[in-house]
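A.B. asks: Quick check, what structure comes out for this input:
(one chain, ligands or ions: 1)
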Amino acid sequence: MKRTRFLRAAAALLTIMILLCPLLAAGAENAAAGTEKATEETEKPTAAPTHTPSELQAMGILTVGAKGDEVTRLQQRLKDLGYLSGKVDGQYGGGTKRAVISFQRRNGLQTDGVAGETTLAKLYTEDAVAAPENSEPVDVLAGSVPMLVNNDHPVDEYFVPADLVELRDILDKKLVKIKYKKTRGVRTAVEALEKMFEAAKEDKIKNWQVSAGYRTWDDQVKMLNAKISSYRKKNKDWSSSKARRAALKSVAEAGCSEHHLGLAFDLNVPGAKTFSSTKQYKWLKEHCWDYGFIIRYTKEKQEITGFNPEAWHIRYVGEEHAQYMKEHDLCLEEYIQGIEDGTIKVPSKTESTDEDLDEGTGDAAGDEAEAEENEEEAAPEEEPEEAADEEEEI
Ligand SMILES: [Zn+2]
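C.D. replies: Okay, here's the model as predicted:
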């Protein structure tokens, strides 16, 4: 009895799979990529059929793992349109996938990185939109709600924040060291850093270092690849996908890092083994909110942010938002969700908090000359040690 029922069920499943196959062949490229939309459309009790890249290729769908002339033609076209910077080698790998995603995004197609019928049809027409040569810089502080960048909300590779400045042009060398001299950030955020470090100095907390600011798409690709190879070097038996999974816990995929916004900075203390054990971190945790910064990745919110905790990574969101988040113990994802749900009312912009802060610091301001003297003692003579490598990520 049971066996008959099982056989019947198996036959029914097979029929459904056979019925689904022509759908795929007809160019339902979404199904192949397993994207969100595809999940919605094909959400049925039966498991979606899986196909190898070559089976998909036979159906006219090119995806990671496909190879040959069709891939060469695809790559050449992507290159001509300015989407592919790597070589044309007839192998559909990560670079080709990224180029396809960029093309899809620019052309209003679903961004699944799979070149199916719709994507290929658009790609080979005359009205295929080419990659922009120069992207229009984005005012990342224009909205009334902070911009969210994470694994689910990536920016594209042409994204450039407006008003980027070099940190060394704004930050006082006596207040903070800049580990890589070309480090950049959005002016407003860098000015907030300056204000924050000044206040810290009044509290006799000095010796800061900024080890990262704005990052380009290519910077992020390089960082992730370096992290993956370092994992593979340390763990010879790890597969590349295992190393990649591990790396993605602390280094974001290109497009998914907040550093692309020019509003995130990594801080450390030269010579300190871990930033979280320093008095600078203790001070930061208490005061950064007043200058518009949040400590973005904490242990408590790890499940929501999707990243390992990072004491050293701060993100500028503006004072009114930062203070609200501190008061209500919210991470950025929760805060933005609350605003979207209508459960949180966007706080109004606080006017200059200079006066409040002056009151707050009280007699800690001290005398300038004395502070200058202490500077010498506090700053170590030797070159700053490299911070522990896990402290420069996401
Ligand atoms: Zn960071």
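A.B. asks: Run through the residues of the stretch 151-300 of the chain sitting next to the ion.
C.D. replies: residue 266 (CB under 5 Å from the ion). The way it works is simple: take the backbone N, C-alpha and C, and place the C-beta from them, glycine included.
A.B. asks: Now do the contacts for the residue of the chain found nearest the ion.
C.D. replies: Distances between the chain and the ion by CB to the ion are smallest at residue 313, namely 3.6 Å. By CB atoms under 8 Å, 6 or more residues apart in numbering, the contact list for residue 313 reads 258, 264-266, 295-297, 393-394.
A.B. asks: will you turn those residues into TSV that also has distance to residue 190?
C.D. replies: Formatted as TSV, the contacts of residue 313 follow (distance: CB to CB, whole Å):
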residue	distance to residue 190
258	15
264	12
265	9
266	14
295	18
296	17
297	21
393	21
394	19
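A.B. asks: If you go by neighbour count, which of the residues you listed are buried?
C.D. replies: 258, 264-266, 295-297, 393-394 (16 or more other CB atoms under 10 Å).
A.B. asks: Name the member of these with the shortest distance to residue 126.
C.D. replies: Lowest distance from residue 126 to the buried ones among the contacts of residue 313 (CB to CB) belongs to residue 258, with 38.2 Å.
A.B. asks: got the contact list for that closest one?
C.D. replies: Applying CB under 8 Å, 6+ apart, we find residue 258 in contact with 149-150, 252, 264, 296, 313, 315, 394.
A.B. asks: isn't residue 140 right up against residue 264?
C.D. replies: No - counting by CB atoms under 8 Å, residue 140 does not reach residue 264; the two are 10.7 Å apart.
A.B. asks: first to last residue in stretch 106-126, what's the distance?
C.D. replies: From its first residue to its last, stretch 106-126 covers 15 Å (CA to CA, to the nearest Å).
A.B. asks: how far away is the closest residue to residue 161 other than its chain neighbours from residue 335?
C.D. replies: Nearest non-adjacent residue to residue 161, counting by CB to CB, 6 or more residues apart in numbering: residue 262, 4.0 Å away. Residue 262 is 20 Å from residue 335, where distance means CB to CB, to the nearest Å.
A.B. asks: related to what we said a few turns ago, return the subset of the contacts of residue 258 lying in strands.
C.D. replies: With DSSP state E as the criterion, strands contain 264, 296, 313, 315 from among these.
A.B. asks: Any chance of those in a markdown table with pLDDT as columns?
C.D. replies: Supplementary listing: these in a markdown table, determined by pLDDT from 0 to 100:
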| residue | pLDDT |
| --- | --- |
| 264 | 98 |
| 296 | 97 |
| 313 | 97 |
| 315 | 98 |
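A.B. asks: can you list those in TSV and add distance to residue 112?
C.D. replies: As requested, the ones in strands among the contacts of residue 258 are exported to TSV (distance: CB to CB, whole Å):
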residue	distance to residue 112
264	28
296	28
313	30
315	29
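A.B. asks: Between those residues, which sits nearest residue 329?
C.D. replies: residue 296 (13.9 Å).
A.B. asks: In space, what's closest to the closest one - neighbours in sequence excluded?
C.D. replies: Nearest non-adjacent residue to residue 296, counting by CB to CB, 6+ apart: residue 315, 4.4 Å away.
A.B. asks: what bridges to that neighbour?
C.D. replies: residue 264, residue 294 (DSSP bridges).
A.B. asks: Could you list the low-confidence segments of the stretch 1-150 of the chain?
C.D. replies: 1-49 (pLDDT under 70).
A.B. asks: In it, mark out all the strands, start to finish.
C.D. replies: With strands called from DSSP state E, counting those that start in this stretch, the stretch 1-150 of the chain shows none.
A.B. asks: Please list the residues of it that sit near the ion.
C.D. replies: Close to the ion, as judged by CB under 5 Å from the ion, the stretch 1-150 of the chain has no residues.
A.B. asks: now the helices for the stretch 1-150 of the chain?
C.D. replies: 2-25, 29-33, 36-42, 53-58, 69-80, 94-106, 117-123 (DSSP state H, counting those that start in this stretch).
A.B. asks: count of residues packed around residue 283?
C.D. replies: Applying other CB atoms under 10 Å, we find 17 other residues in the vicinity of residue 283.
A.B. asks: which residues does the residue nearest to residue 52 when sequence neighbours are not counted contact?
C.D. replies: Closest residue to residue 52 apart from its sequence neighbours, by CB to CB, 6+ apart: residue 65 at 7.4 Å. Applying CB under 8 Å, 6+ apart to residue 65 gives the contacts 52-54, 92.
A.B. asks: Could I get the buried residue list for stretch 240-247?
C.D. replies: For stretch 240-247, the neighbour count (16+ other CB under 10 Å) marks 243-244, 246-247 as buried.
A.B. asks: now for those residues, which pair is the farthest apart?
C.D. replies: So, the buried residues of stretch 240-247 by CB to CB: farthest apart are 244 and 246, at 7.3 Å.
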